[in-house]
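*Asks:* build me a structure from this.
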Amino acid sequence: MTRGKIYLFPSFLSPVPAGNVLPALNLELMRAVRYFVVEDLRSARRFLKACDRTIVIDDLHFELLNEHTRPEEVDAMLGPALEGHDIGVISEAGCPAVADPGADLVAAAQRRGIQVVPLVGPSSILMSLMGSGFNGQSFTFLGYLPVDARRRADRLRDMEREIRRDRRTQIFIETPYRNNRLIAELASSLPGQMLLCVASDITGEHQSIITRPLADWKRASYDYDKRPTIFLLYS
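*Replies:* Numbers count the residues shown, from 1 in each chain. Alright, predicted model coming up:
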């Protein structure tokens, strides 16, 4: 029996028309898939309907893959592909399997020899890097910074060393309601000449990608709280 494929469908970073950020091929493939593995059921259903209102959600099969999914459950999600059906993977935002639980399903598919097909779409990591003016040949994505104060301070020092030693761009995120506090913390903890890029609402109506020295951020007026934002440091 021919095995199905695993299609990785990038989803919206901001609420925009599907045609603004997704190729026609994605939409064509999406209409044909009946089995989905998703990070969040509600946002996945909303995403599919926003892509094509004719999609009948009740005809589709969904499996949840998030931080609570046990490793032994992941292999079972490949069942439809082993029976010849394609599976679509949808993250809550952006590219599935990049800083996303979908990576576990991709790893299981690779072990089983099931074809994985990543599709083109919005990536906050790459799009913010493109717009920052920073080193795009050597960069590190760190995800969320530690919450613990000591570990967080250690991470900031590590980032500063990597930037100075290796000229490596540092990329990271924060819980949206703490965005303003993070900028203030960076401005008070790191050298003022170091550059910070704040990229907010990427692809959205209020997209903003601003790079300036931390000394300037320290004096600036801004409000990024509760807005999807990604941060980059360089020097």
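*Asks:* just the strands in the protein please.
*Replies:* In the chain, the strands defined using DSSP state E lie at 6-9, 35-38, 61-64, 87-90, 116-118, 139-144, 169-173, 195-200, 208-213, 229-234.
*Asks:* may I see the buried residues of the third one?
*Replies:* Neighbour-count burial for strand 61-64 flags 62, 63, 64 (criterion: 16 or more other Cβ atoms under 10 Å). Heads up, the C-betas are built off the backbone N, CA and C, glycines and all.
*Asks:* returning to what we had before: quickly compare the strands of the chain and say which is most buried.
*Replies:* With neighbours taken as mean count of other Cβ atoms under 10 Å, the strands of the chain reach their highest mean count in strand 87-90, at a mean of 28.
*Asks:* direction included, what does that strand pair up with?
*Replies:* The strands that strand 87-90 pairs with in its sheet are strand 6-9 (parallel), strand 35-38 (parallel) (by DSSP bridges).
*Asks:* which stretch among the ones you listed comes nearest residue 191?
*Replies:* Ranking those by proximity to residue 191 (Cβ to Cβ) places strand 6-9 first, at 38.9 Å.
*Asks:* which residues touch the closest one?
*Replies:* Residues from elsewhere that reach strand 6-9 (Cβ atoms under 8 Å, 6 or more residues apart in numbering): 26, 29-30, 33, 81, 86-90, 95-97, 102, 105-106, 109, 114-119, 121.
*Asks:* I'd like the buried residues of strand 61-64 laid out as a markdown table, including distance to residue 169.
*Replies:* Below are the buried residues of strand 61-64 laid out as a markdown table (distance: Cβ to Cβ, whole Å):
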| residue | distance to residue 169 |
| --- | --- |
| 62 | 36 |
| 63 | 35 |
| 64 | 33 |
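*Asks:* sorry, back to before: would you list the strands of the chain in JSON lines and tack on mean pLDDT and distance to residue 44?
*Replies:* Formatted as JSON lines, these follow (pLDDT from 0 to 100; distance: least, Cβ to Cβ, whole Å):
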{"stretch": "strand 6-9", "mean pLDDT": "98", "distance to residue 44": "9"}
{"stretch": "strand 35-38", "mean pLDDT": "98", "distance to residue 44": "4"}
{"stretch": "strand 61-64", "mean pLDDT": "97", "distance to residue 44": "7"}
{"stretch": "strand 87-90", "mean pLDDT": "98", "distance to residue 44": "5"}
{"stretch": "strand 116-118", "mean pLDDT": "98", "distance to residue 44": "18"}
{"stretch": "strand 139-144", "mean pLDDT": "96", "distance to residue 44": "22"}
{"stretch": "strand 169-173", "mean pLDDT": "97", "distance to residue 44": "21"}
{"stretch": "strand 195-200", "mean pLDDT": "98", "distance to residue 44": "24"}
{"stretch": "strand 208-213", "mean pLDDT": "98", "distance to residue 44": "27"}
{"stretch": "strand 229-234", "mean pLDDT": "98", "distance to residue 44": "22"}
